Each structure stands twice: as structure tokens, then as C-alpha cells.
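Novice: This is a predicted model, with the sequence first.
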Amino acid sequence: MSATHEPVTPRDADALARLRLTGKVAIVTGGTRGIGFAAATTLARAGARVVISSRKAEHVAAAERALRADGLDVTGVVAHMGVMDDVRGLAAHTVEAYDGIDIIVNNAATNPVYGPLQQQDEAVFAKVMSVNVQGPLELCRTAHSVMQSRGGGAIVNISSVGGVSPEAGLGLYSVSKAALISLTKVMAQEWGADGIRANVVCPGLVRTRFSRVLLDDPLVATIADRQPIGRVGTPDDIAGLILFLASDASAFCTGGVYLADGGLLV
């Protein structure tokens with residue numbers, strides 16, 4: 001006698017519907033190029049109103065024009081994530097423009113020196129830590145009460161595989177990205193009761209302008225040959241994971257560390 005199965009019926013809130021961001025307001029730092037631009041595009045296409053930021057006005061203007069030409073509701077703000085007045089101003093501008101904040105994608109990062117620790121002095125340390133760690137913390141701290149008043153929100157911090165397994169030549173950058181992973185876990189613990197989730201994405205080698213110096217390194221260029229997925233990643237590979245973590249599809253996920261590295265660290 002063959003087994004019988006109950007017919008499959010749609011759930012009240014299916015997974016695809018939970019990926020929609022209609023009515024949500026998102027901030028994407030470093031949103032004018034690479035992973036940030038792909039994330040802003042993806043979130044906006046999912047229905048969010050998006051504020052993108054970068055420290056260079058011409059980059060902000062160009063990205064804003066391109067996204068609006070695609071019919072997306074996007075506003076650009078010039079803000080340096082290493083300048084805390086700029087960071088607080090970014091949050092204030094978002095609330096002024098869109099009456100709230102629901103999603104923060106901390107993507108902006110810097111790595112002014114590619115080389116050994118001996119080449120990375122106090123000024124480099126201060127710059128890397130201010131942009132890669134202090135800025136994300138200050139943006140989320142500033143937005144906390146706004147997000148809480150709207151019933152909660154989602155924070156997606158962009159770290160790196162270097163934050164899990166430090167990479168030669170990227171010493172302080174890797175340290176800052178490890179700190180961002182730890183910071184994300186603290187946010188998840190302290191703000192969960194406020195309805196705010198915090199997760200962190202750790203991309204591997206992704207083809208962006210930021211990674212150009214790495215891709216030019218013959219040793220680094222062989223990384224893809226050692227991965228189960230034998231290619232360099234693209235910004236869109238990361239943007240899909242960001243959408244999941246920003247949306248209600250990941251409503252039970254917080255404090256998570258998500259690798260998107262082609263299997264490099266398997």
C-alpha cells in the first residue's frame with residue numbers, strides 16, 4: 001500500500017513574502033560601490049526606502065542618480081564613518097527624510113595599508129578602528145531608540161573572513177573585523193529585548209574596487225582555486241544574504257556569523 005500525503009497549502013506568511021521590505025527604511029554605509037551598492041539596490045528593489053552614504057560627494061551623487069534611474073526610492077548622504085558627527089548626522093538625516101530607521105547595513109570600511117604590521121603605525125590603527133568599528137557602533141547607538149520605537153529592526157554588519165581567520169598583509173584590518181564580529185554579538189545580546197536583531201556577514205574574496213590590491217597579489221589570486229566554489233565572489237553574492245538578514249525571513253536569527261566565502265574556511 002502506497003503512502004499518501006496531505007496536499008501542500010500556502011502558509012499565511014510564506015518565505016517569499018517575508019523577504020519583502022515594503023514600508024521599511026534602510027541605511028547602507030559605503031553604499032556607492034561594490035557590496036554596498038549591490039546591497040542598496042537589492043534592499044530598494046525589495047521595497048525599502050534606502051539612504052546610502054559615502055565620504056565623497058561625487059560618488060554619492062552618481063550612485064543616487066543611478067539608483068533613482070532604476071525607479072528606486074534612494075537618498076544619498078555624504079558622511080565619513082570615521083567622523084562621529086557625520087555618523088550621527090547620517091542617522092538624523094535619515095529620520096528627517098523618511099521618518100524612521102528599520103535596517104542598518106554597516107558596510108563602509110577602510111584599509112589604508114596592505115602590508116606587515118611594522119608598516120601600520122598609530123595613525124593607521126586609529127583610522128582603521130574608527131571607520132571599521134567605532135563608526136558602526138555610533139550609528140547603531142544613535143539609531144537604537146528610533147528602531148525600538150518602531151518595534152525593532154535589523155542590523156547587518158559587514159565583517160570579513162579575515163575577522164575569523166586573520167590574513168597576512170591585512171593585520172589591523174583583520175583585527176578590526178574581528179572586533180566587529182564581537183561587537184555584533186554584544187548588540188544581539190543587549191538589544192534583543194528591544195526587538196533589534198544584529199548579525200554579521202563575513203565575505204571572502206569579492207571582486208570590488210576595495211579588493212583590487214588583493215586581486216593583484218599573485219598569492220591571493222590563487223584563493224579561488226582552493227575553494228569548493230572555484231571563483232571570486234561578486235557583490236550580488238553578498239547582497240542576497242544581506243537581504244535575508246535584513247528581512248523578516250530571518251526573524252529568529254540574531255548574533256549570527258555568516259560566511260560568504262565560497263567555502264574557503266571549510
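Specialist: Structure received.
Novice: which of the residues in the longest helix belonging to the chain are buried?
Specialist: Counting by DSSP state H, the longest helix found in the chain is helix 171-191. Residues of helix 171-191 classed as buried by neighbour count (16 or more other C-beta atoms under 10 Å): 171-181, 183-185, 187-188, 191. For glycine as for every other residue, the C-beta is placed from the backbone atoms N, C-alpha and C.
Novice: Centre of the chain to the helix or strand following that helix, how far?
Specialist: As assigned by DSSP states H and E, the chain's next helix or strand after helix 171-191 is strand 196-203. Relative to the chain's own centre, strand 196-203 is displaced by 7 Å; criterion: C-alpha atoms, centre = their mean, to the nearest Å.
Novice: One more: stretch 125-142?
Specialist: Remark: stretch 125-142 is offset 14 Å from the chain centroid, using C-alpha atoms, centre = their mean.
Novice: ok, the closest residue to residue 47 other than its chain neighbours - contacts?
Specialist: With C-beta to C-beta, 6 or more residues apart in numbering as the measure, residue 22 is the residue that lies nearest to residue 47, at 3.7 Å, once sequence neighbours are left out. Residue 22 sits next to 46-48 when contact means C-beta atoms under 8 Å, 6 or more residues apart in numbering.
Novice: again with residue 102
Specialist: Counting by C-beta under 8 Å, 6+ apart, residue 102 makes contact with 24-26, 48, 147, 150, 153-154.
Novice: Could you tell me the end-to-end distance of stretch 161-174?
Specialist: 8 Å (C-alpha to C-alpha, to the nearest Å).
Novice: Could you pull out the buried residues of it?
Specialist: Residues 161-164, 166-167, 169-174 are the ones in stretch 161-174 that count as buried (16+ other C-beta under 10 Å).
Novice: returning to what we had before: output the contacts of residue 22 in TSV; the columns should cover pLDDT.
Specialist: Shown next, in TSV, are the contacts of residue 22 (pLDDT from 0 to 100):
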residue	pLDDT
46	98
47	98
48	98
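Novice: Tell me which of those fall in strands.
Specialist: Here DSSP state E is the test, and those give no hits in strands at all.
Novice: Of those residues, which count as buried by neighbour count?
Specialist: Buried members of the contacts of residue 22, counted by 16+ other C-beta under 10 Å: 46, 48.
Novice: between the contacts of residue 22, which is closest to residue 89?
Specialist: Closest to residue 89 out of the contacts of residue 22 is residue 48 (20.7 Å), distances taken as C-beta to C-beta.
Novice: Kindly provide the distance from that closest one to residue 255.
Specialist: Distance from residue 48 to residue 255, counting by C-beta to C-beta, to the nearest Å: 23 Å.
Novice: and if you look at residue 125?
Specialist: Distance, residue 125 to residue 255, using C-beta to C-beta: 27 Å.
Novice: do residue 105 as well
Specialist: As judged by C-beta to C-beta, residue 105 and residue 255 stand 17 Å apart.
Novice: Which residue of these two possesses the greater neighbour count?
Specialist: Each of residue 105 and residue 255 has its neighbours counted (other C-beta atoms under 10 Å); residue 105 has more, 30 against 15.
Novice: show me the contacts for the residue nearest to residue 81 when sequence neighbours are not counted.
Specialist: Distance criterion C-beta to C-beta, 6+ apart; nearest residue to residue 81, sequence neighbours excluded, is residue 135 at 3.3 Å. Residue 135 is in contact with 29, 81-82, 84, 87, 106, 108, counting by C-beta under 8 Å, 6+ apart.
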